[in-house]
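Participant: What follows is a predicted structure for the sequence shown.
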Amino acid sequence: MSRVGAETVLNAALAGLLLVAPLTALGLGEPYYANLASRVAILALAGVGLNLALGQGGMISFGHAAFFGIGGYVAGISAQAAFNGAAVVSWPLEVMGSNVMPPIWAAAMLVAGLVAVAIGAISLRTSGVYFIMITLAFAQMIYYFAISWPAYGGEDGLSIYVRNGFPGLDTYDPLSFFLICYGCLMLALAFSWRIMGTRFGAALMCARMNPERLATVGIEPYPVKLTAFVISAMITGLAGALFADLNGFVSPSMLGWHTSGEIMVFVILGGVGRLFGPVAGAALYVLLEHVLGGLTEHWQLLLGLILLGVVLFARGGLVGMVTGSARHG
Amino acid sequence: MAEPVLEVRGLCKSFGALKATDGVSLTLEAGEIHALIGPNGAGKSTLIAQIAGQLAPDAGEIWLGGREITGLSVAGRARRGLGRTFQVSSLALEFSALRNVMLAVQGRRASSFGFLKPVMRDRRLVDPAHEVLARFDLEGRAGVTAAALSHGERRQLELAMAFALEPRVLLLDEPMAGMGAGGTTALTRVLAAMHGSVPMLLIEHDMDAVFALADRISVLAEGRLIFTGPPEAVRVSAVVREVYLGGEG
Amino acid sequence: MTLALLIEQLLNGLQFGVMLFLMAAGLTLVFGVMGLINLAHGSLYMAGAFVCATVAGIVGSFWVGLVAGVLAAAALGAVVEIGVMRRLYGRDHLDQVLATFALILIFSEGARMVFGAQPLWLDMPDALRGHVSLPGGATYPVFRLAIIAAGLAVAAGLFWLIRRTRLGMRIRAGESDREMIAALGVDIARLYTLVFALGAGLAGLAGAMVGVLQSVQIGMGEPVLILAFVTIVIGGIGSIRGALVGAVLVGVVDTMGRIFLPVLFGLVTDPASATSIGSSLSSMLIYLMMAAILAVRPRGLFPANV
């Protein structure tokens, strides 16, 4: 079996497993696991977004929680406004709150994208450690803003009293909600895969591998990277909106640097730059959280040890370990 | 007389007290191979970096095809027709040889904001890339990852990528670097075959190659251009001998 | 708006800055010499505070606790360096971020297991109780002045170390060219352990001193860590001078901003909005400043290497 084939098989297996597991659980009358699977799908989606910037573009953004949180807050603010029959913004034009998912997703992705243009435009003028730190700092800035701005809940966050709806589905049904999340994840993966095969993808990969070479063939790295950064933010923003609906609550911690770190963990655990890396990573992380959490209240210690072990001894993450191959361009 | 394709006017660059480039002016005429030689530390790499756009000069101008490029970025100059190879091969190592050249074709002919068409099915990129690879004897290695190519093949690929840009001018930074005798002969032949079709500024230490290829030779020492002339004149020049062999008799 | 208030806040800003410097100096040294991003630096700060509080509580003396805290943090640093960091030099930043993030989880949970989840209290040493009068009529706590003095003393000591000793020379050489100094026979392994332990000890010192002013609790290091990173990015990574300038800048701007921004807004809007806008903006102020500085100087104010 060729090496490329091995990864495709693994990807199919992961996609299948993620679908089958909650279906089985629901069949056995355990909706809790369907919700867990939704959580995996959402976190994986956040990771798919980051992977585009980090894995493919080589941009180590330590502030992607900003986009995750923005997506969540857009969903929360919109739902709250809809609940109160109020407008979200009154000027320059009046935009009423919505409690239907697709428009909320569009808004979440738009806002996340716009913020990413601003953050990316400044951050991408730096590189290396400076880039890591400045993305972290921007996310912190947004975090502090969110906890000190009283209209949006401050430190307490925002509650979503009624889960946002989706045309034709009962979003309170665990299976329906899971399928929504799974659907978004699969779409994002398909998009990601497709886009990396285009001229844009080729330029992005070279921007990571060898920006000097990219420039020498006449392609400016900066616009390519910025575009990738913005697209990546939009995908992570979508995940944030879904996360808010999953929990019925928008917590400011969605904007915090621990969250940024966790999203990075999913990507790295699964294999940086690998298409299904974030899926494997998020599944592993949630599984560990669940299993270890059941063993001891000090499960974070075990999680830390396992993560440390993976970094020190298992390069290439889960996908790399299983397929035993280096990435090919 | 026809305008030079590439012109450097009064280029200056200092690093603290060190004058790496001290008022260098030179031209590259259509169809010629103009070699740039000089002892180590003469400032050749610094000069090339400034012409290519990696380093901003403190003073001076650079003109390409009658238009000033001094303020342009590396990519901007490449788009205006400045092709460049590196002394240490700079390739997209995870890409195959074919994909590397396709990238150069993409830089030349297509926008990189194409989000729809998969590159491997894009004939506008694949076909010209195959042609270029064939020209540089790399057709058989098209699918090989750049990291797996031999040193000589990588130097060929460097040159192929620069060529795929359909450049107005080629800056070659020690293309023979690290090549054995066989590789040097082959590469010299390739460059000789290209002689006349595109002007080249050739930085080289390998004197056999230089004297075989060059129409004109300039000598750089301590940041200054101390001699420019045809190969025979360089050979007999006392100034040049002094620079290479030292001041004492 | 009185002179007394102004001076008091300026001193608070300086004290905060000096404490940030202690954190930033270690971070910037470790990155400058070893090229290592260490997110677990905040855990070393926390360790110093916890050990100091525990020992001071047992022995009854802050000073003994302080020494114990600093030594414990340095020792922990050395252990971590030998056990984990050594394997991370030369790895890309991503691996370093993940590994040290994992260390944060380990240390936080570990501290919870050893010391419990409740915050500890650290009593101010008697010798440093009391206040001094400031020009303008206010009084200022002696302890805070002591922190400022201690921080400036450490800064002076570090400058002397870096500029005037052989160890400092090796550190500076290590920043420029790691492979070269190994070839020259300098024991790299020991140098790195020493640098790391030095940074850790400074972090522990900061934690122990701040533990008196605020309580000692799990996770106390994290907000400080972020600010320390902002500091070294502003100051220029690898530069002690940059760390000092950056730290004082951040400390003063943050402190003054929190006090005066709401006042400023109070001049144009009602008190309620002024407080909320003012405090939101002031918490973002440092990051805005960092973004502005990086927009103009992408490598900070005093980048260490050319």
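Facilitator: Perfect, I can see it now. Residues are numbered from 1 along each chain as shown, chains lettered A, B, ... in the order given.
Participant: Tell me where the chain has helices.
Facilitator: The chain I'm using is chain A. Using DSSP state H, the helices of chain A run over residues A:3-27, A:31-51, A:65-84, A:101-123, A:128-148, A:174-196, A:199-209, A:211-216, A:221-247, A:257-270, A:277-295, A:299-313, A:317-323.
Participant: oops, chain C please
Facilitator: Using DSSP H, helices in chain C cover C:3-34, C:41-59, C:62-83, C:93-115, C:142-164, C:166-176, C:178-183, C:188-213, C:221-235, C:240-266, C:271-296.
Participant: of all those, which lies closest to A:Val230?
Facilitator: helix C:271-296 (17.6 Å; CB to CB). Any C-beta I mention is one placed from the backbone N, CA and C, and that applies to glycine too.
Participant: Quick check on B:Glu7: phi, psi?
Facilitator: In terms of degrees, to the nearest 10, the main-chain angles of B:Glu7 are phi -140, psi 130.
Participant: my read: it touches B:His34, true?
Facilitator: No. At 11.5 Å, B:Glu7 does not count as touching B:His34 under the criterion of CB atoms under 8 Å.
Participant: Which neighbours do these two have in common?
Facilitator: Counting by CB atoms under 8 Å, 6 or more residues apart in numbering or on different chains, the contacts common to B:Glu7 and B:His34 are B:26-28.
Participant: Which of the helices of chain C sits closest to A:Ser159?
Facilitator: Comparing the helices of chain C by CB to CB, helix C:271-296 comes nearest, at 20.4 Å.
Participant: burial measure for residue 149, as a count.
Facilitator: No chain specified, so I'll use chain A. Neighbour count for A:Trp149, taken as other CB atoms under 10 Å in any protein chain shown: 15.
Participant: you looked at the wrong chain, it should be chain C
Facilitator: Neighbours of C:Ala149 (other CB under 10 Å): 12.
Participant: Neighbour count for B:Glu7 and B:His34, which is higher?
Facilitator: For B:Glu7 versus B:His34, the count of surrounding residues by other CB under 10 Å is larger for B:His34: 21 against 18.
Participant: For the stretch 51-200 of chain C, give me the ranges with low pLDDT.
Facilitator: C:175-176, C:178-179, C:181-182, C:186 (pLDDT under 70).
Participant: Now it against chain A: closest residue?
Facilitator: Among the residues of the stretch 51-200 of chain C, C:Leu105 lies closest to chain A, at 3.3 Å counting by CB to the nearest CB.
Participant: chain center to stretch A:135-151, what's the gap?
Facilitator: In terms of CA atoms, centre = their mean, to the nearest Å, the centre of stretch A:135-151 is set 19 Å apart from its chain centre.
Participant: What's the separation between A:Leu36 and A:Leu187?
Facilitator: 21 Å (CB to CB, to the nearest Å).
Participant: The two: which is more packed in?
Facilitator: A:Leu36 (21 against 13).
Participant: ok so, going back, excluding covalently adjacent residues, which one is nearest to the residue of the stretch 51-200 of chain C closest to chain A?
Facilitator: In space, C:Leu105 comes closest to A:Gly304 once its chain neighbours are excluded; the distance is 3.3 Å by CB to CB, 6 or more residues apart in numbering or on different chains.
Participant: A:Leu288 now?
Facilitator: A:Leu288 sits nearest to A:Leu303 (CB to CB, 6+ apart), 5.7 Å away.
Participant: Tell me if I'm right that that neighbour and C:Leu105 touch.
Facilitator: Yes. With contacts counted by CB under 8 Å, A:Leu303 reaches C:Leu105, the gap being 5.9 Å.
Participant: higher neighbour count, the two?
Facilitator: Between A:Leu303 and C:Leu105, counting by other CB under 10 Å, C:Leu105 is the more crowded of the two (24 against 20).
Participant: so what's the residue in chain B positioned nearest to chain C bridging to?
Facilitator: Nearest residue of chain B to chain C: B:Phe15, at 8.1 Å (CB to the nearest CB). Counting by DSSP bridges, B:Phe15 forms beta bridges with B:Leu18.
Participant: Can you tell me how far it is from A:Ala82?
Facilitator: B:Phe15 is 62 Å from A:Ala82, by CB to CB.
Participant: okay, those two: which has more neighbours?
Facilitator: For B:Phe15 and A:Ala82, the more surrounded residue by other CB under 10 Å is A:Ala82, and the numbers stand at 20 against 11.
Participant: That one against A:Asn99, yeah?
Facilitator: Yes. Counting by CB under 8 Å, A:Asn99 is a contact partner of A:Ala82 at 4.0 Å.
Participant: For chain B, give me the ranges with low pLDDT.
Facilitator: Scanning chain B for pLDDT under 70 picks out B:1, B:246-249.
Participant: So for A:Val224, what's the nearest residue that isn't a sequence neighbour?
Facilitator: Nearest to A:Val224 is A:Ala203, by CB to CB, 6+ apart, at 4.7 Å.
Participant: list the contacts for the residue of the stretch 201-329 of chain A found nearest chain C?
Facilitator: Chain C sits closest to A:Gly304 of the stretch 201-329 of chain A, with a gap of 3.3 Å, by CB to the nearest CB. By CB under 8 Å, 6+ apart, A:Gly304 lies in contact with C:102-106, C:109.
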